[in-house]
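S.K.: here is a sequence with its predicted model. Questions after.
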Amino acid sequence: MKRARVVWQGREHAALGIPGGLRLASGTELREDEVQWLPPLVFGSIFALGLNYADHAKELAFKPPAEPLVFLKGRNTLIGHRGQTERPADASVRQPQSS
């Protein structure tokens, strides 16, 4: 059974996946495109590791750290199913340097 957290009509709802859509706890059945999807769980702080493998450090032209870099991510860093992230207009893609 697939479970979801969604926003419909401005309110957060728990939902179950059904063939062709979702069923809210109230029994209301909706199509998947009628809701805004939320991350499946509500998290607190998320501990993450950065530059924790040599290939990643190499593609960023960094010397690999002696120990993994630990950093925190807040709950606002997650998006739901079919969510879109925005890329700032001034962001650029850094191409890996060839060896």
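M.R.: That came through, no problem. All values reported here derive from a predicted model rather than from experimental measurement. Numbering: from 1, shown residues only.

S.K.: how close does Ala48 get to Glu86?
M.R.: The spacing between Ala48 and Glu86, counted by Cβ to Cβ, to the nearest Å, is 21 Å. C-beta here means a position set from N, CA and C on the backbone, and glycine is covered the same way.

S.K.: which of these two has more neighbours?
M.R.: Ala48 (13 against 6; other Cβ atoms under 10 Å).

S.K.: need phi/psi at that one.
M.R.: Dihedral angles of Ala48 (phi, psi; degrees, to the nearest 10) stand at phi -130, psi 160.

S.K.: wait, isn't it in contact with Thr77?
M.R.: No: with contacts counted by Cβ atoms under 8 Å, Ala48 stays clear of Thr77, the gap being 9.1 Å.

S.K.: for Leu72, give me its contacts.
M.R.: Residues near Leu72 by Cβ atoms under 8 Å, 6 or more residues apart in numbering: Ser45, Ile46, Phe47, Ala48.

S.K.: residues near Leu22, how many?
M.R.: Residues near Leu22, counting by other Cβ under 10 Å, number 23.

S.K.: what's the closest non-adjacent residue to Trp37?
M.R.: With Cβ to Cβ, 6 or more residues apart in numbering as the criterion, Trp37 has its nearest non-adjacent residue at 3.2 Å, and that residue is Gly80.

S.K.: where's that neighbour relative to Glu67, distance?
M.R.: For Gly80, the distance to Glu67 - Cβ to Cβ - is 33 Å.

S.K.: please apply the same query to Arg11.
M.R.: In terms of Cβ to Cβ, Arg11 sits 45 Å off from Glu67.

S.K.: follow-up on the earlier one: can you tell me which of the contacts of Leu72 is nearest Glu32?
M.R.: Nearest to Glu32 among the contacts of Leu72 is Ile46, at 26.2 Å by Cβ to Cβ.

S.K.: ok, now which ones touch the nearest residue to that closest one once chain neighbours are set aside?
M.R.: Distances taken as Cβ to Cβ, 6+ apart put Lys73 closest to Ile46, at 4.3 Å, once the chain neighbours are dropped. By Cβ under 8 Å, 6+ apart, the contact set of Lys73 is Ser45, Ile46, Ala48.
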